[in-house]
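Undergrad: whatever this is, show me its structure:
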Amino acid sequence: MLEQQKHPNEDKINSVESSGQRKDKENVMNTLEKARVFHEKYLLRSNSNDLESAVNYYIQAIKQNPSIPETYYRLASLLFENGQISLDSAIEQCKMAINIDPENSNAHIYTGYFLKLANDFDEAEKEFKNAIDINPINAARPRLILASMLYEKINHVRPSFVDFIRMVYYACSGCLTVLWDIASLKMLYKNVSDDALVFMYKTYGGFLEKIKNSSMAVAAYDAAAESTGRDEFFYNKIGDICIKEHAPEIAVDAYKKVLDANPYDRDALIKYATVIQTFFPERQDDAIDAYTRLLEIEPDNDKVYYELGHLYLQKNESLPAVNAFSMALEKDDENPFYHNSMAFALVQLEQYDDAIEHYQKAININPDPYWTSIVCQALGSVYFEIKENPEAAVVLYQTAAVLNPENDECHIAIGDTYFAVDDYDNAIKAYCDAIKVNPENAKSYCKCGMALWEKDYTEEAIVAYHKAINLNPEYSIAYNNLGVIYLDDIGNIQEAIDLFNKALEGNKSYTLAYFNLGRAYTILGENTKAAKNFQRALDLNVITNDLDEQDILNRLYRLFEV
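TA: Just a heads-up that it's a prediction; the model follows:
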């Protein structure tokens, strides 16, 4: 027999291959162990970060070695719980694990569990029995799950005395075998020890809260989150404490950590969005993101759509606001607040007829006279300013006044409407009604002074303006208007100049006051001062557009005509 010649490096090659295989096996086992650790952590504290890490490591382990059954059924359980695969897919994954290793009891347990969820009780029972047959001594879990399934079957499918006896048998034998089922005891120990630690921190933190030591309570809960991994519970507690202690920055960070642990924690999403809306209005996008996630949990929650609509309005995004309010109204068409907000958003989009319709619905529902009075004023403004229908506007303002007799703004709005159509008598009456309702409102006296001046009631107008100034010594409009009377009617130029300067003290960008001051200095022949004020008025008028630009230029040119 011929002897085959041995390659001189054959032993070395075999050694290298063996070393490489060992290294690959070690890598797979390390990956699998990491997956198990994060899986256990997730089962104990339901942290979404643990869930994500466990899933990633199981997937990595499958890529490294597709023949490990454990990776399939454990990954199936996590993906199903996270809503990433269907029940049928989970069952298929578990059956794949059985095909790889028919003697793996856990593969049969997981398959039976998912079959039970699918209400396929007969097949589920077969799988649990297979798990028991493979390892009858350490079969506490399949026995107890089988007992639970038989109980469910008795109550919902077809009651049977035999099933009842079998349920009692598996329940008792499961309780007995759990005493030496290492896997069950290990998980029980971890649950008990973890719960004990959580209870200790909860008790200690609760005691600190009761004695009003909020700072130490926050520190205790922060340490508890770090030690136990129960971020959702303890950071929620920190956030709640910080809201009570007026520390919104810390509160919003705490709720953010809750959401990092569980992005769909309903209470944390609501608290997070509410804190941002209340204390950080510039962070609308964060609040919008929170409410959008909340809608994934509660797609029929009309209040969330309502809040989203207002956030979009704050961002001056009227179309998304209209869409959000429309969704809110689909859920609750009888909510007057939704109709009012929809109307306001439609006004921004210049869809005035639709806005009027929603305002009218809000008014007809009339949940509260005070609130409805405000809506009547808003609708009155649309009729007056957009539809150019002063009669309808006055009716709405009058309705607002009836609904809320203490609202002087309704009477001021009536006066403004009459003033705009040169009906000064009714304007004066409306402004006087506003003064009767609220004698301390300087604006009512100022507007009444304007109407009195238009009727040539100069002395009465002066009295009204002085009353407005007494009530509000920084009322620039009242100073300016009173200055015009002294300049044009009485001819007291110096008094007029003093009044215009006082107007400018309260408002450095008051275009009309600079213009009137220029007119006053022109009369005095102080052309340089007049030109300076006309030029200032000209510069500001580019922004305010209060005056005819050509009129200002003509006055400037005339100052220096030869």
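Undergrad: buried residues in the strand or helix carrying residue 310, which are they?
TA: Secondary-structure element containing residue 310, defined by DSSP states H and E: helix 302-314. By 16 or more other CB atoms under 10 Å, the buried positions in helix 302-314 come out as 302, 303, 304, 305, 306, 307, 308, 309, 310, 311, 312, 313. Bear in mind the C-beta positions are built from the backbone N, C-alpha and C, glycine included.
Undergrad: so for the next helix-or-strand element following it, mean pLDDT?
TA: Heading C-terminal from helix 302-314, the first helix or strand you meet, by DSSP H and E, is helix 318-331. For helix 318-331, the mean per-residue pLDDT is 94.
Undergrad: restricting to C-alpha, output stretch 371-383 in CSV.
TA: Provided in CSV are the C-alpha atoms of stretch 371-383 (Å, rounded to 0.1, in the frame of the first residue of the first chain):
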residue,chain,number,x,y,z
TRP,A,371,-65.8,83.2,25.9
THR,A,372,-68.5,83.6,23.2
SER,A,373,-68.3,87.3,23.6
ILE,A,374,-64.7,87.2,22.5
VAL,A,375,-65.6,85.0,19.5
CYS,A,376,-68.3,87.5,18.5
GLN,A,377,-65.7,90.3,18.6
ALA,A,378,-63.4,88.2,16.4
LEU,A,379,-66.2,87.6,13.9
GLY,A,380,-67.2,91.2,14.0
SER,A,381,-63.6,92.1,13.0
VAL,A,382,-63.8,89.8,10.0
TYR,A,383,-67.1,91.5,8.8
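Undergrad: what does it contact?
TA: With contact meaning CB atoms under 8 Å, 6 or more residues apart in numbering, stretch 371-383 is reached by 336, 340, 343-344, 347, 352, 355-356, 359-360, 362-363, 366, 389-390, 392-397, 399-401, 403-404, 407, 409-410, 413, 417.
Undergrad: swap in stretch 29-39?
TA: By CB under 8 Å, 6+ apart, stretch 29-39 touches 50-51, 53-54, 57-58, 60-61, 64, 68, 70-71, 74, 78.
Undergrad: show me what contacts the residue nearest to residue 100 when sequence neighbours are not counted?
TA: Of all residues not flanking residue 100 in the chain, residue 69 sits nearest, at 4.5 Å (CB to CB, 6 or more residues apart in numbering). By CB under 8 Å, 6+ apart, the contact set of residue 69 is 96, 97, 98, 100, 101, 104, 106, 107.
Undergrad: ok, back up a step: closest to residue 84 out of the contacts of stretch 29-39?
TA: Among the contacts of stretch 29-39, residue 78 lies closest to residue 84 (CB to CB), at 8.4 Å.
Undergrad: three-state assignment of the spatially closest residue to the closest one that is not a sequence neighbour?
TA: In this structure, residue 78 finds its nearest non-sequential neighbour in residue 55, 5.3 Å apart by CB to CB, 6+ apart. Here residue 55 is helix, with the state taken from DSSP: H, G, I helix; E, B strand; the rest coil.
Undergrad: residues contacting residue 534?
TA: 514, 515, 518, 552, 555, 556, 559.
Undergrad: try 6 Å this time
TA: Residues in contact with residue 534 (CB atoms under 6 Å, 6 or more residues apart in numbering) are 518, 552, 555, 556.
Undergrad: and the contacts of stretch 371-383, which are buried?
TA: Buried members of the contacts of stretch 371-383, counted by 16+ other CB under 10 Å: 336, 340, 343-344, 347, 352, 355-356, 359, 362-363, 390, 392-394, 396-397, 399-401, 403-404, 407, 409-410, 413, 417.
Undergrad: could you give the number of residues near the residue nearest to residue 238 when sequence neighbours are not counted?
TA: Excluding its sequence neighbours, the residue lying closest to residue 238 (CB to CB, 6+ apart) is residue 254, at 4.1 Å. Neighbours of residue 254 under the rule other CB atoms under 10 Å: 29.
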